[in-house]
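K.L.:
Dropping the sequence and predicted coords here.
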2 protein chains.
Amino acid sequence: MKSTEPACQYELKAARDAMEVIQGKWRVPIVISLTYGKKRFGEIHRDIPDISPKMLSQELKALEENKLITRTLYDSMPVTVEYALTPLGMSLRELLNELRNWGKYFRNEIIGQL
Amino acid sequence: MKSTEPACQYELKAARDAMEVIQGKWRVPIVISLTYGKKRFGEIHRDIPDISPKMLSQELKALEENKLITRTLYDSMPVTVEYALTPLGMSLRELLNELRNWGKYFRNEIIGQL
DNA sequence: TATCCTGGTTACCCGTTGGTAACTACTTAC
DNA sequence: GTAAGTAGTTACCAACGGGTAACCAGGATA
């Protein structure tokens, strides 16, 4: 009996890399919010009303460290900050599409039956 | 200023549904292992050497509850148990592909630069 | 002078996730 | 009798993720 799939190991590592970046309750929602265009802190917050400022700030930092978003500070009258997806962040589009598609499918198949 | 994207709310919910099912350190690896065909407990364990039997058992139960996999017990000489993807589980293929593709891309773009 | 807007930070707490080690039960092989 | 392979279970514990509430600073507005 084959003990393991050799190719499997490499595929597993790639999937884990991706999950590490996406993992957690808030990163996917934040990135999705930014796919509609650059936004300010408060605008993202209004897109995701149940996130606390602490988590939003923390997760934005993590996304910036992973080069998925940029943070731009404007020295306007009431200091404004704009967050935007980098090309790398935008490259998540397809993955996020699949995520949403499958989420809808799953809801119809399983959750809908309850 | 627009306070929120109306369509965004529905999209966010779908993505969250999907993430809830996939979330955690081990579910994606387990499902990927099973995309290579039905497997026994020990075979999955050999595909994912760093998972403990406790976690493997626990996550297999969770995946079964979400109707992604089936568990079949065979009354053979040394009791064997086979896990296999359901059609719903197989419907994750595209999502998992995107996950792996993006993981490889991310590794090249970011991790590779370090 | 007080309040609101901007965009956060800090301290504290709790529940879940996941890790380790040991143990179970049955059968076959040495 | 002892080990090894089947498929797990149990108890105990540490770390992290995330929630709440309060607070901060600067400028504008009333």
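P.N.:
Ah, there it is.
K.L.:
Looks to me like residue A:72 is in a helix.
P.N.:
No - under DSSP: H, G, I helix; E, B strand; the rest coil, residue A:72 sits outside any helix and is assigned strand.
K.L.:
What's the local residue count around it?
P.N.:
When neighbours are counted by other Cβ atoms under 10 Å in any protein chain shown, residue A:72 registers 10. For every residue, glycine as well, the C-beta is placed using N, CA and C.
K.L.:
So it sits against residue A:81, correct?
P.N.:
Yes - taking Cβ atoms under 8 Å as the definition, residue A:72 is a contact partner of residue A:81 at 6.9 Å.
K.L.:
Quick check: the gap between the closest residue to residue A:80 other than its chain neighbours and residue B:58.
P.N.:
Sequence neighbours aside, residue A:74 is the residue nearest to residue A:80 in space, at 4.7 Å (criterion: Cβ to Cβ, 6 or more residues apart in numbering or on different chains). Residue A:74 sits 48 Å away from residue B:58, going by Cβ to Cβ, to the nearest Å.
K.L.:
Of these two, which one has the most company?
P.N.:
residue B:58 (14 against 11).
K.L.:
how deep is residue A:23 tucked in, by neighbour count?
P.N.:
There are 16 residues near residue A:23, going by other Cβ under 10 Å.
K.L.:
what's near enough to touch it?
P.N.:
residue B:23 (Cβ atoms under 8 Å, 6 or more residues apart in numbering or on different chains).
K.L.:
And the pLDDT for it?
P.N.:
Note on residue A:23: pLDDT of 97.
K.L.:
Next, the spatially most central residue of chain A: secondary structure please.
P.N.:
The residue lying closest to the centre of chain A (Cα atoms, centre = their mean) is residue A:28, at 2.7 Å. At residue A:28 the chain is in helix, as set by three-state DSSP.
K.L.:
I'd like the distance between it and DNA strand D.
P.N.:
Residue A:28 sits 10 Å away from DNA strand D, going by Cβ to the nearest atom of the strand, to the nearest Å.
K.L.:
is chain B contacted by the helix or strand containing residue A:11?
P.N.:
Using DSSP states H and E, residue A:11 sits in helix A:6-22. Yes - judged by Cβ under 8 Å from any Cβ of the partner chain, helix A:6-22 comes into contact with chain B at A:8-9, A:11-19, A:21-22.
K.L.:
So which elements touch the helix or strand of chain A with the lowest mean pLDDT?
P.N.:
Among the helices and strands of chain A, helix A:6-22 carries the lowest confidence by mean pLDDT, DSSP states H and E, at a mean of 90. Helices and strands touching helix A:6-22, by 3 or more Cβ pairs under 8 Å, 6 or more residues apart in numbering or on different chains; DSSP states H and E, are helix B:27-35, helix B:41-47, helix B:93-109.
K.L.:
which one of those helices lies closest to chain A?
P.N.:
helix B:93-109 (3.5 Å; Cβ to the nearest Cβ).
K.L.:
Same question for that closest one: list its buried residues.
P.N.:
Judged by neighbour count (16 or more other Cβ atoms under 10 Å in any protein chain shown), helix B:93-109 contains these buried residues: B:95, B:96, B:97, B:98, B:99, B:100, B:101, B:102, B:103, B:104, B:105, B:106.
K.L.:
so what's the residue nearest to the last one when sequence neighbours are not counted up against?
P.N.:
Here the nearest residue to residue B:106 in space, its sequence neighbours aside, is residue A:17; by Cβ to Cβ, 6+ apart that works out to 5.8 Å. When the contact criterion is Cβ under 8 Å, 6+ apart, the partners of residue A:17 are B:103, B:104, B:106, B:107, B:111.
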